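Peer 1: Got a sequence here, can you build the structure:
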Amino acid sequence: MRIGFDAKRYFHNRTGLGNFSRNLVQSLAQNHTEENWFLLDSKGGEMPSDLNLQLITPSRKTLLWRQIGISGEIERLKLNVFHGLSAELPLSRPRNCALVVTVHDLIFLKLPKNYRTADRFIYTYKLRNAMEQADVIVCTSEVTKHDLIEIFPRFKNKLRVLYQACDQQFYTKFNVDVLDDFRQQQNLPAEFILCLSSFEKRKNQINLLKAYALLKGEKPDLVLAGRPGDFMREIENFIRENNLTDKVRLMTNLPVENLNFLIQASTFCVFPSMYEGFGIPVLECMAAGRLVLTSKDSSMSEITGDGDFLFDPKSPESIAENLQNAFNEDHRNTSLEIQQNQLPNFRSELIAEQHMNLYREIAG
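Peer 2: Got it, this is the predicted structure:
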């Protein structure tokens, strides 16, 4: 088969959607060398030399190539399947090609106050067009599927849930000496709680900090690590006003290659987000072998499975109770075993095979 992808995120996004795109495309190309794989993008970028991936860019730059001109390219390439990896498809449907679109979340509709009106309009227009054009709409969680049915019920019969994988680097385990060296380099204590998340309001670090302040007696330090966001100032103010400066550390713009070291150097992880379409940091921490305490709301429990490591993200008291329980090593190990049993559901090879089966089905 001849299968193409909208590669904008693949080339130009270094975080969530970009990581998803690269992981899926490269896993497919590695495991299905008999197929022909194409990356379509207006600019392109660095290509892996060891994979059967072909970069397709426009012969001349035209306005709206990704929305309109790309359809002609799809027809010229005689693609059997074209996959929009981030909730977008061409405005004009190409002939003789099955279309798939992946929808990761509906944050701009579920939490509209976090977005400008113009941005919400554009995102909604692009999403509605993609769902109209698509033969199949892939949702990365049951939560996203539920949200789509709630807001766009007429597309219900097009929906499929296919989970995503995380980068293989997180499955690499380090020995004690390597982790001790990393802690020393980063000036980290022997034990600490890690929250790996960008600094945004919906990520809910304030309730985590309120929960941490409720804890009595000796407690590990808390490290908040992630990209600076629009809620950074509020978090810094809360830490200072509540005399947590000596116990809470902020780390920003950590190199991607250091994330696995940071996770494994921690005692356990916590991810208190109010809403996620999937929640990739949860899977990354699990793959690295660390227990993750996380929200019982939204999609995170689909990754972790059920257990008393789930809390009410709106309640600092609920978060605090989970933190206190996780200080006990036996409790951590029992909970970690539950989460580790979930990992086979999210292996890159499985996710790639599920997508490949979908492509074969809709291509006829």
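
Peer 1: How is the chain divided into domains?
Peer 2: 2-165+347-363, 168-346 (automatic domain parsing).

Peer 1: and those as JSON lines, adding mean neighbour count and mean pLDDT?
Peer 2: All C-beta atoms are positioned from the backbone trio N, CA, C, and that covers glycine. Shown next, in JSON lines, are these (neighbours: other Cβ atoms under 10 Å; pLDDT from 0 to 100):
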{"stretch": "domain 2-165+347-363", "mean neighbour count": "17", "mean pLDDT": "95"}
{"stretch": "domain 168-346", "mean neighbour count": "18", "mean pLDDT": "96"}
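
Peer 1: For the nearest residue to Gln133 once chain neighbours are set aside, give me its contacts.
Peer 2: Of all residues not flanking Gln133 in the chain, Leu89 sits nearest, at 4.5 Å (Cβ to Cβ, 6 or more residues apart in numbering). Contact partners of Leu89, counting by Cβ atoms under 8 Å, 6 or more residues apart in numbering, are 6, 82, 99, 101, 129-130, 133-134.

Peer 1: Need phi/psi at Leu89.
Peer 2: Leu89 adopts backbone torsions of phi -140, psi 160, taken as degrees, to the nearest 10.

Peer 1: now do Gln339
Peer 2: Per-residue torsions, Gln339: phi -70, psi -40 (degrees, to the nearest 10).

Peer 1: doesn't Met286 make contact with it?
Peer 2: Yes: with contact defined as Cβ atoms under 8 Å, Gln339 and Met286 form a contacting pair (5.1 Å).

Peer 1: Show me what the helix or strand harbouring Leu55 is packed up against.
Peer 2: Leu55 is part of strand 53-56, with elements assigned from DSSP states H and E. Contacts defined by 3 or more Cβ pairs under 8 Å, 6 or more residues apart in numbering; DSSP states H and E place strand 53-56 against helix 16-31, strand 36-40.

Peer 1: so how far is that strand from its chain's centroid?
Peer 2: Relative to its parent chain, strand 53-56 has a centroid offset of 25 Å by Cα atoms, centre = their mean, to the nearest Å.

Peer 1: Check which strands are paired with it and give the direction for each one.
Peer 2: Sheet pairing for strand 53-56, assigned by DSSP bridges, gives strand 36-40 (parallel).

Peer 1: measure stretch 295-302 end to end?
Peer 2: Using Cα to Cα, to the nearest Å, the end-to-end distance of stretch 295-302 comes to 11 Å.

Peer 1: Could you check how far the residue positioned nearest the centre of the chain is from Phe121?
Peer 2: Compute the mean C-alpha point of the chain, and by Cα atoms, centre = their mean the closest residue is Ile280, 3.6 Å away. Counting by Cβ to Cβ, to the nearest Å, the gap from Ile280 to Phe121 is 27 Å.
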